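Visitor: One predicted model, sequence on top.
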Amino acid sequence: QVRVVESGGGLVQAGGSLRLSCAASGRTFSNYAMGWFRQAPGQEREFVAAIAWRSGVTIYLDSVKGRFTISRDDANNTIFLQMYSLKPEDTAIYYCAAADTLTSLANSYDTWGQGTQVTVSS
C-alpha cells in the first residue's frame, strides 16, 4: 500500500523557520515526483513546491521562491520542505503528495498524506 506521512508542522512567529518532512513508502519513488501543497481555511488547495525524485529538478510557487527549499533523502525515501522567513499568510495545512510526473497540478497527484498544520503568528 502506497503511503506518505507528513510531520514537522507547528506554531512559529513571523520571520521564523520550520522544516516539514514527508516519509514515503510502498513503492519505488525514484521514478516519480513528490510535491507539497497547502490549504488555508476557506481557500483552495495551493501548490507550493515539487521535486522530481530521480533528477532532483524542482519547481516552486512564486511567492515561496527564495524562502522555501524542497529536497530529498534517497536513502530514507523522505522529502523535506525547509521554510524560512515565514509569514502569517503561509499559515495552512501542508500536504505531501506523489505523482508520476513533475507538475504543479494537484489532480496529477494520486497519493496524499493527512497533512500537517503550520501556523505563523504575526
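Guide: Thanks, I have the structure now. Residues are numbered from 1 along each chain as shown.
Visitor: Mind telling me what element the residue nearest to the spatial centre of the chain is part of?
Guide: For the chain, the residue nearest the mean C-alpha position is residue 36 (2.4 Å; CA atoms, centre = their mean). Using DSSP states H and E, residue 36 sits in strand 33-39.
Visitor: the strands in this protein, which residues?
Guide: 3-7, 10-13, 18-25, 33-39, 46-52, 58-60, 68-73, 78-83, 92-99, 109-112, 116-121 (DSSP state E).
Visitor: any chance of those in TSV, with mean pLDDT too?
Guide: Below are the strands of the chain laid out as TSV (pLDDT from 0 to 100):
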stretch	mean pLDDT
strand 3-7	94
strand 10-13	98
strand 18-25	95
strand 33-39	96
strand 46-52	97
strand 58-60	98
strand 68-73	96
strand 78-83	97
strand 92-99	96
strand 109-112	94
strand 116-121	98
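Visitor: correct me, but residue 60 touches residue 67?
Guide: No: using CB atoms under 8 Å, residue 60 makes no contact with residue 67, being 9.2 Å away. C-betas here are computed from N, CA, C, even on glycine.
Visitor: Which one of these two is surrounded by more residues?
Guide: Neighbour count, other CB atoms under 10 Å: between residue 60 and residue 67, residue 60 has more, with 19 against 15.
Visitor: Against residue 109, how distant is that one?
Guide: According to CB to CB, to the nearest Å, residue 60 stands 16 Å off from residue 109.
Visitor: Neighbours of residue 11, how many?
Guide: Neighbours of residue 11 (other CB under 10 Å): 12.
Visitor: Tell me the bridge partners for it.
Guide: Assessed by DSSP bridges, residue 11 has beta-bridge partners residue 119.
Visitor: Over to residue 3?
Guide: residue 25.
Visitor: my read: residue 50 touches residue 58, true?
Guide: Yes: in this structure, residue 50 is within contact of residue 58 by CB under 8 Å, at 6.9 Å.
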